[in-house]
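**Q** With the input below, show me the fold.
(one chain, ligands or ions: 1)
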Amino acid sequence: MNSSHLNKTDPKVYNLIKQEETRQQDKLSLIPSENYFSQSVRDAVGSVLMHKYSEGNIGHRYYEGNQIIDELETLTKDRARKLFKLPKDWDVNVQALSGSNANLAVYIGLLKPNATIMSMYLYDGGHLSHGWSYEPKSKEKKKEHEGKIGSMVYLGGERKVNISSRLFNIIQYKTNPKTFLFDYEALLEIAKKYKPDLLITGGTAYPRNIDHKKMKAIAKTVGALYMADIAHEAGLVAGGAVPSPVGIADVVTMTTHKTLRSGRGSIILANKDMIAKINRGVLPGVQGGPFNNNIAGICVGLGEALKPEFKIYAKQIIINARVLAKELMSLDFDVVTGGTDKHLILVNMLNKGILGKKAARALDLAGIVLNMNTMPYDKRTPADPSAIRLGTPFVTTRGMKEKEMKLIAGYISQIIEIVKPYAKLEFEDFEKQVAKLSAIKQISADIKKLCGKFPLIG
Ligand code: DSN
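**A** Take a look at the predicted model:
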């Protein structure tokens, strides 16, 4: 960041930003939902566009002075059309402030209150915005779990922890209990039994490709709409590295800041009739004015993603993830589903004798930043789960390739072996002890050196 002005007016904030810059430079960021944006994206996001209110749609705003904003939003939508190869009768919304808002806007725009949504179980890699609640509702409901598909359905509970669960009837499907993969036959049975109005795929921790044609066929059989939330793999879809749901699903939602590398925000794609309803779901449904500076960031990012080199980037993300997964498996890590088709890897830590929460903290102390995560059929909770989740978008943006992935897998293994003897300690004691270990300090220094060869310059 070049801001001597901020340094003069507010050195405290300036210093915090500088420290964060250093942290991002010196550590290996393996959180699959994070990325590093180009200087151009960051310039656009930090621009005067943030001053402008523009509630409404292009040409029909509730505020004057939106001539330039109209042009910007038109350009952004045009780039999205081109990048995601939209059918002629499809349109785009780029105004929802986040992925969660985008999803909610779709529900508000297309569904009646209390409609039934069938989405992926959170622990298996679904997303909060697809609905989440705790505790079985009643003994009668529990009985409904029994039978062939019983163990693969979650009907939720009284503690509805997010707005989707409060407004809609959420039925959640799990992965196959043996393979932890989508079980399309079971999904059809579940859909027939619970008759959803909307069927959703996508989420945060499913490492395999989803068969969108099969999902659309299931939705069609029961008269439901099919929404593909591709927040995680949007950049991989854009780069042609994984199958696209565009033209198959009825609605596609995504965030823009993960593999798509376009600053924070979201994009919604659907046919024109649906987008008209979804636009009303965004405003006045769930939010006020769009963040025009973020839309400019998305526009610049989409422009970058339209360049031929983005295809190479998207492919390299997956190559890196596959090499990392393979190396981890060779080091006796239990990679869920035995690998990945995408940018993310889920690792069950049970066989390592140190579970998600402590493993993630120890790795961070040694310079590898990832997150603890639940896994399919996890007996633990999201606050202290069995697994860790890691991914390759950020390190691929830095220019790291297969050679570095092998090094990273080796570091992860070394760190876990070093901290294992402390695994039985209470979390705070564990953290204190690990932070003092000279072997951990040495690895952290080695990782800093490795990162120095891949500077973050945008
Ligand atoms: N928080 C994102 C993730 O980490 O996957 C999802 O919104």
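**Q** which parts of the helix or strand Gly410 falls within are buried?
**A** Taking DSSP states H and E as the definition, Gly410 sits inside helix 402-419. Using 16 or more other CB atoms under 10 Å as the test for burial, helix 402-419 gives 404-405, 407-409, 411-416, 418-419. C-beta: built from backbone N, CA, C; applies to glycine.
**Q** Please work out the average pLDDT along stretch 313-326.
**A** Mean pLDDT, computed over stretch 313-326, is 98.
**Q** now do stretch 405-415
**A** Rounded mean pLDDT across stretch 405-415 is 98.
**Q** Could you export that stretch as PDB, CA atoms only?
**A** In PDB, the C-alpha atoms belonging to stretch 405-415 read as follows (Å, rounded to 0.1, in the frame of the first residue of the first chain):
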ATOM      1  CA  MET A 405       3.400 -27.800  -3.300                       C
ATOM      2  CA  LYS A 406       5.700 -30.700  -2.500                       C
ATOM      3  CA  LEU A 407       7.600 -28.500  -0.100                       C
ATOM      4  CA  ILE A 408       4.400 -27.300   1.500                       C
ATOM      5  CA  ALA A 409       3.200 -30.800   2.100                       C
ATOM      6  CA  GLY A 410       6.500 -31.700   3.700                       C
ATOM      7  CA  TYR A 411       6.300 -28.600   6.000                       C
ATOM      8  CA  ILE A 412       2.800 -29.600   7.000                       C
ATOM      9  CA  SER A 413       3.800 -33.100   7.900                       C
ATOM     10  CA  GLN A 414       6.900 -31.900   9.800                       C
ATOM     11  CA  ILE A 415       4.900 -29.400  11.800                       C
END
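**Q** Which positions in the chain make contact with the ligand?
**A** Contact residues (CB under 6 Å from any ligand atom) of the chain with the ligand: 33, 99, 127, 204.
**Q** Report how many residues lie close to the residue lying closest to Leu188 once chain neighbours are set aside.
**A** In this structure, Leu188 finds its nearest non-sequential neighbour in Ile218, 5.0 Å apart by CB to CB, 6 or more residues apart in numbering. Ile218 is flanked by 23 other residues according to other CB atoms under 10 Å.
**Q** Torsion angles phi and psi at Ile218?
**A** Backbone torsions for Ile218, taken as degrees, to the nearest 10, come to phi -60, psi -50.
**Q** So it is in contact with Ile200, correct?
**A** No - under the criterion of CB atoms under 8 Å, Ile218 makes no contact with Ile200, lying 11.7 Å away.
**Q** Now the common contact residues for these two.
**A** Contact criterion CB atoms under 8 Å, 6 or more residues apart in numbering; residues bridging Ile218 and Ile200 by contacting each: Tyr226.
**Q** how would you label Gln95: helix, strand or coil?
**A** Secondary structure, DSSP: H, G, I helix; E, B strand; the rest coil: Gln95 is coil.
**Q** which ones are touching it?
**A** Contacts for Gln95 (CB under 8 Å, 6+ apart) come out as 73, 279, 282-283, 287, 290, 295.
**Q** how close does it sit to the ligand?
**A** Counting by CB to the nearest ligand atom, to the nearest Å, the separation of Gln95 from the ligand is 18 Å.
**Q** Asp10 now?
**A** Applying CB to the nearest ligand atom, the value for Asp10 to the ligand is 29 Å.
**Q** What backbone torsions are found at that residue?
**A** Dihedral angles of Asp10 (phi, psi; degrees, to the nearest 10) stand at phi -150, psi 70.
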